[in-house]
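Novice: Turn this into a model:
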Amino acid sequence: MQYGDIKLNGKDYLIIKDPGSYRVSDVTDFAPRGTSVGGSAVHAQLKLYQPYLQTDWRHGFGFQWYEDAMGYMRTEGNIDTRHSGIAMMFTKATSSDTDNNAKEGFCAWNSKLWAWGAGGLRSYASNTWSNVYNSGAVNFAFPAGDYLYYCPDGARIRKISTADADTTAGNDDNSTDYSWMAMYGGYLYAGKDGTNMIHRDSTGDLSDLEGTSADTNVIYVGAQGSFETLGASVYGGYLYTFTRTGLWQIGEDLIARRILDFSSEASDDNFRSVAVHNGYLLFPIRDKLYQWNGARLSDVTPPRISDSFPYTTYGRFDNFVSMGRFMYCTARTNETTYAEDLLCWDGVAWTKLMELVSNGTDTISAMGCDPINNRLWYHLNATADATYYIPFQSKSEFPYADFPTTGTHELILSRWDMGYRWVDKSTPEIIIESSNCSSSSYLTVSYALDGGSYIEWGNVYSNGITKIDIPDPDGSAEFKYLTLKIKFTTTSGTNSPILEGVTLRYIMRPDDIDGWMINIPVERGLEMANGTDNRTMAELVSDLKAARSSKIPVEFVDIDGTAYEVFVTALTRQLMNLAQDEQGEAHYELVATLNLVEND
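Specialist: Residues are numbered from 1 along each chain as shown. This next block holds a predicted model:
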């Protein structure tokens, strides 16, 4: 090569005749809004930056990368994201009963709340707990019209009348040790504790409920001596019972038929709890949660809730409670020191409302709906047992205004990579839309870059639009992906700060690539460093077209001898001169304009 030469696809070309046409430019458009001709009011506001906006969070945790306009990764503490367009704090729990006896279940009957468990049977009315039966553990209690039936462990079944008379029930002294009850088709069904036997009775006071294998109407679920029954549920007009091996339908012919078979996954966590919600039957099988519509089984297990190995997931689903359009339950994380959280399912997505256990040893043994006092009750089985309630608003799904004023309550958003994780970005500012904020009820925004530690971005004390500059001495932070954490703080239990929207202003800063525009004379006989170029004009054009048509990069050697891999993106030929000699033969000159782009 010589001064003024280039090489393309193994061929030499001379450009010295038109050196002013040689141009090299950065062809990466990193700010399309900034280069929009004319622009608009929106462009003027955003300047060079693009917006990344989130104004809803209803699709629950589990989105490690930003996949959904309503998705987020997880929450900590008490955060309620169930409602359109807002995120706010969730109601704290109130301690109610500290009798130090584990409760196994709740039910409402005769204007009272009833709880049973290891300490017997207790009732709650006028904000006071009272012992009703404390001669030993109670396996189950069941409200049925004029009576509340309860099943002492190893003892005869009993009933309480609306006048508070507590008497025995059942056919005789063999009517003992039942573990669950259900009403279906005019009969009350009762499962014998530790067995696969089910008895039933249609008398109003349950005076004919038998308790031995001599019962002519006894129902065996599976072969005699099989897994014990765990409970029953009426769903879709049929009575179902469940064992660790599957779901069984009880027919009018008193035969139990297995409808769903999980015998290969038999586990103590199977059918730990069951609920009918939104037209589905929901139940756990080991650490999976399923909903069944009578024909099709769907996996509705919550997704993972961490973004680094070893990933944190939920399992051991228990204590199902259906209230309104939500199904509440408890679930444990898969960590050695597990957390047990209160989760909420709306038929589409999961929400974590609060953390109930954090030490990896305690457990939630019962949870129940209280329609009398409009509360959700749960029992903490710990070194010092305690029963709590979460008040609900009357005629509203929004949280009751009794918010925690201590602890950490945060919303952790999905990782934002703007769809291109490998491309560098830059941000100068975040915009927070909020309400109900003040110096005593405020939001704190923090950010983490590329998986690093969180850095506090700033606080939001006012309502409406708050713009917060990045706390960086350069006035901008560079990243490939960013994670936001928004903390909710209040010193007043009746107020919660409200998050309504988050907008990140960012600019894409990909690596630059070069582009060239070069004019090449298409003439025969040009003098090159290696001699005269004797290619005809047709041959020159053919060589250039071959470079243009190549589906793979071709070599390009610049005027300074630097080699690149490029694509020829455009080839234009322009007639520069046309003449006719004395013999009438036409002579003409062409200039070929090449556009080249570096292959990155």
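Novice: By mean pLDDT, point me to the weakest helix or strand of the protein.
Specialist: Within the chain, confidence by mean pLDDT, DSSP states H and E is lowest for helix 41-46 among all helices and strands, at a mean of 63.
Novice: Just after it, pick out the following helix or strand.
Specialist: Downstream of helix 41-46, the next assigned helix or strand under DSSP states H and E is strand 50-54.
Novice: Which elements pack onto that next one?
Specialist: Applying 3 or more CB pairs under 8 Å, 6 or more residues apart in numbering; DSSP states H and E, we find strand 50-54 packed against strand 498-508. C-beta: built from backbone N, CA, C; applies to glycine.
Novice: After the strand it packs on, heading C-terminal, what element do we hit next?
Specialist: strand 514-522.
Novice: contacting residues for the nearest residue to Ser161 once chain neighbours are set aside?
Specialist: Excluding the flanking residues, the one nearest Ser161 by CB to CB, 6 or more residues apart in numbering is Tyr147, at 6.0 Å. Contact analysis of Tyr147 by CB atoms under 8 Å, 6 or more residues apart in numbering lists Lys159, Ile160, Ser161, Thr162, Ala169, Asp205, Leu206.
Novice: Same list (these) but as JSON lines, adding neighbour count and pLDDT.
Specialist: Shown next, in JSON lines, are those (neighbours: other CB atoms under 10 Å; pLDDT from 0 to 100):
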{"residue": "Lys159", "neighbour count": "20", "pLDDT": "98"}
{"residue": "Ile160", "neighbour count": "25", "pLDDT": "98"}
{"residue": "Ser161", "neighbour count": "13", "pLDDT": "98"}
{"residue": "Thr162", "neighbour count": "12", "pLDDT": "97"}
{"residue": "Ala169", "neighbour count": "21", "pLDDT": "98"}
{"residue": "Asp205", "neighbour count": "16", "pLDDT": "95"}
{"residue": "Leu206", "neighbour count": "24", "pLDDT": "96"}
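Novice: Take the residues you listed and keep only those in helices.
Specialist: Among the contacts of Tyr147, no residue falls in helices (DSSP state H).
Novice: Could you tell me which of those residues are located in strands?
Specialist: Lys159, Ile160, Ser161 (DSSP state E).
Novice: Val348: which of these is nearest?
Specialist: Proximity of those to Val348 (CB to CB) peaks at Ile160, which lies at 40.6 Å.
Novice: What distance do you get for the closest one to Leu209?
Specialist: 16 Å (CB to CB, to the nearest Å).
Novice: cool, Tyr66 as well?
Specialist: On the measure of CB to CB, Tyr66 and Leu209 end up 58 Å apart.
Novice: between these two, who's got more neighbours?
Specialist: Applying other CB atoms under 10 Å to Tyr66 and Leu209 shows that Leu209 carries more neighbours, namely 26 against 20.
Novice: Please list all residues in contact with that one.
Specialist: Ile157, Ala169, Gly170, Asn171, Ser175, Leu188, Ala190, His199, Arg200, Asp201, Thr203.
Novice: Let's see if you can find the most crowded of these.
Specialist: Counting by other CB under 10 Å, top hit in the contacts of Leu209: Ala190 with 30 neighbours.
Novice: who does that one bridge with?
Specialist: Met181, His199 (DSSP bridges).
Novice: Just confirm it contacts Cys151, I think it does.
Specialist: Yes: the pair Ala190 and Cys151 qualifies as a contact (CB atoms under 8 Å) at a distance of 7.5 Å.
Novice: Mind listing the shared neighbours of the two?
Specialist: Looking at what touches both Ala190 and Cys151 (by CB under 8 Å, 6+ apart), the common residues are Ile157, Tyr178, Trp180, Met181.
Novice: name the helices or strands packed onto the lengthiest helix in the chain?
Specialist: Counting by DSSP H, the longest helix found in the chain is helix 537-549. Helix 537-549 sits against strand 514-522, strand 563-580, strand 586-598, with contacts defined as 3+ CB pairs under 8 Å, 6+ apart.
Novice: List the buried residues of that helix.
Specialist: Within helix 537-549, the residues that count as buried by 16 or more other CB atoms under 10 Å are Leu540, Val541, Asp543, Leu544, Ala547, Arg548.
Novice: does the second one really touch Arg524, like I thought?
Specialist: I take that to be Val541. No: in this structure, Val541 is not within contact of Arg524 by CB under 8 Å, at 11.5 Å.
Novice: And the residue nearest the centre of the chain, which helix or strand is it part of?
Specialist: The chain has Phe61 as the residue nearest its centroid, 2.5 Å off, counting by CA atoms, centre = their mean. Using DSSP H and E, Phe61 is not contained in any helix or strand.
Novice: OK, contacts around it?
Specialist: So Phe61 contacts Tyr72, Met73, Arg74, Thr75, Pro302, Pro303, Ile305, Trp350, Thr351, Lys352 (CB under 8 Å, 6+ apart).
Novice: tell me which element the last one is part of?
Specialist: Translated: Lys352. For Lys352, the host element (DSSP H and E) is strand 350-357.
Novice: by contact count, what packs against that strand?
Specialist: strand 74-76, strand 79-80, strand 326-333, strand 340-345, strand 363-370, strand 375-381.
Novice: I'd like to know which elements the first one is packed against.
Specialist: Read it as strand 74-76. In terms of contacts (3+ CB pairs under 8 Å, 6+ apart), strand 74-76 is packed against strand 350-357, strand 410-412.
Novice: For the shortest one, what is the distance to the chain centroid?
Specialist: Here strand 410-412 shows a centroid-to-chain-centroid distance of 12 Å under the convention CA atoms, centre = their mean, to the nearest Å.
Novice: what's the model's confidence in it, averaged?
Specialist: Mean per-residue pLDDT for strand 410-412: 98.
Novice: Then stretch 336-356?
Specialist: 97.
Novice: Quick check: buried residues in that stretch?
Specialist: So for stretch 336-356, counting by 16+ other CB under 10 Å, buried means 338-346, 349-356.
Novice: can you check stretch 474-482 too?
Specialist: Within stretch 474-482, the residues scored as buried using 16+ other CB under 10 Å are Ser476, Ala477, Phe479, Lys480, Tyr481, Leu482.
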